[in-house]
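*Asks:* Show me the folded form of this:
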Amino acid sequence: MTHVPTPAPFDDAAEEYDQRFTATEIGRVLRRSVWRHLDEALAPGSKVLELGCGTGEDALWLAGRGHRVLATDASTAMLDQARRKIEGADLLDRVRFERLDLTAIASQPDPPDAPFDAVFSNFGVLNCVEDCHDLARVLHRWIRPGGRAVFVVMGPRCLWELGWYGLHLRLPTATRRWRGGRPVTIDQGHSLRVWYPGPARLKHRLRPWFEARQTLGIGALVPPTYAAAVIRNRPGLLRRLDELDRRWAHRLSGIADHYLLSLERVDHVAS
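*Replies:* Predicted coordinates:
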């Protein structure tokens with residue numbers, strides 16, 4: 001894997017990312033929803049490849065659950081934040097860090113940690129990849145037979161986004177997911193192109209290397225952080241929305257802010 005420290009769009013966002021999302025009440029609720037399903041997918045003591053680890057919150061949780069993690073990200077600033085977080089929790093013996101740009105994964109050498117028991121990415125990492133064909137092919141080589149993949153992806157239709165920005169007469173923002181591939185500003189003027197594949201399209205792109213086992217909505221009724229005013233001063237509302245999200249997750253993937261796609265590695269792929 002490459003260690004060339006070229007700037008990444010998320011470098012400038014690294015320092016404040018936890019404050020803006022991870023540490024918020026909504027951020028904690030959404031991440032716990034992912035963790036519940038991830039816990040079901042992983043066998044105890046799994047070796048996990050994390051794509052787009054960000055500031056390391058998921059790697060911290062995985063290591064705390066007894067898993068071993070190779071945490072990767074295209075942003076060196078995010079990796080620095082993650083390393084400090086893991087070091088502060090005295091879990092560096094369970095987490096290793098590498099810089100990995102998913103848009104160039106086909107040219108990357110196999111990591112020495114491979115094969116992994118599972119691969120995981122959270123909150124839209126795969127949305128930064130235009131075509132997951134090369135990604136799936138490489139991951140198939142890096143994951144052991146019978147291994148799992150859990151991807152949390154932004155879909156093309158988000159009920160909250162349409163409603164919130166529509167009511168505020170920000171129609172281009174309300175419908176931005178319908179125009180996948182356009183540049184999206186991340187921070188300090190940096191931008192990258194983002195795509196919004198629906199579950200059916202992403203499943204198709206990941207075949208024949210991975211077969212889908214489950215699709216669930218993440219954040220269909222729980223509001224995104226930009227709509228936090230809805231739950232402000234309503235301590236029971238977020239809890240109720242979270243309960244409804246959990247109850248109807250299997251039916252709400254088409255309108256949720258994100259959907260969780262759980263897959264299994266196909267052992268024998270026809271050439």
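
*Asks:* doesn't V138 make contact with I105?
*Replies:* Yes: between I105 and V138 there is a contact at 5.1 Å, judged by CB atoms under 8 Å. C-beta: built from backbone N, CA, C; applies to glycine.

*Asks:* higher neighbour count, the two?
*Replies:* Using other CB atoms under 10 Å as the criterion, I105 and V138 rank with I105 on top: 20 against 17.

*Asks:* a helix runs through that one, doesn't it?
*Replies:* Yes: using DSSP: H, G, I helix; E, B strand; the rest coil, the assignment for I105 is a helix.

*Asks:* I'd like to know how far it sits from Q19.
*Replies:* Separation of I105 from Q19 (CB to CB, to the nearest Å): 30 Å.

*Asks:* what does R213 give?
*Replies:* Applying CB to CB to R213 and Q19 gives a distance of 35 Å.

*Asks:* So for the residue most central in space within the chain, what pLDDT did the model give?
*Replies:* Centroid check for the chain by CA atoms, centre = their mean gives N122 as the closest residue, at 1.6 Å. Looking at N122, its pLDDT is 98.

*Asks:* what residues are up against it?
*Replies:* Listed by CB atoms under 8 Å, 6 or more residues apart in numbering, the contact set of N122 reads R31, V34, G52, G54, D58, V152.

*Asks:* Tell me if I'm right that the fourth one and L79 touch.
*Replies:* No: with contacts defined as CB under 8 Å, G54 does not count as touching L79, sitting 9.1 Å away.

*Asks:* Identify the contacts common to these two.
*Replies:* Common contacts of G54 and L79 (CB under 8 Å, 6+ apart): D73.

*Asks:* quick one, what contacts the nearest residue to R20 once chain neighbours are set aside?
*Replies:* Excluding the flanking residues, the one nearest R20 by CB to CB, 6 or more residues apart in numbering is T225, at 7.1 Å. By CB under 8 Å, 6+ apart, the contact list for T225 reads R20, F21, T24, I26, G27.

*Asks:* contact partners of the least confident helix or strand in the chain by mean pLDDT?
*Replies:* Within the chain, no helix or strand scores below strand 183-187, which has a mean of 79 by mean pLDDT, DSSP states H and E. Residues outside strand 183-187 that contact it (CB under 8 Å, 6+ apart): P9, F10, D12, A13, R176, S191, L192, R193, V194.

*Asks:* would you turn the residues you listed into a markdown table with distance to P111, secondary structure and neighbour count?
*Replies:* Shown next, in a markdown table, are those (distance: CB to CB, whole Å; DSSP: H, G, I helix; E, B strand; the rest coil; neighbours: other CB atoms under 10 Å):
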| residue | distance to P111 | secondary structure | neighbour count |
| --- | --- | --- | --- |
| P9 | 23 | coil | 20 |
| F10 | 21 | coil | 22 |
| D12 | 27 | coil | 16 |
| A13 | 25 | coil | 20 |
| R176 | 34 | helix | 17 |
| S191 | 29 | strand | 12 |
| L192 | 24 | strand | 15 |
| R193 | 26 | strand | 15 |
| V194 | 26 | coil | 20 |
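
*Asks:* and the two most separated of those residues?
*Replies:* Farthest-apart pair in the contacts of strand 183-187 is D12 and R176; separation 21.1 Å (CB to CB).
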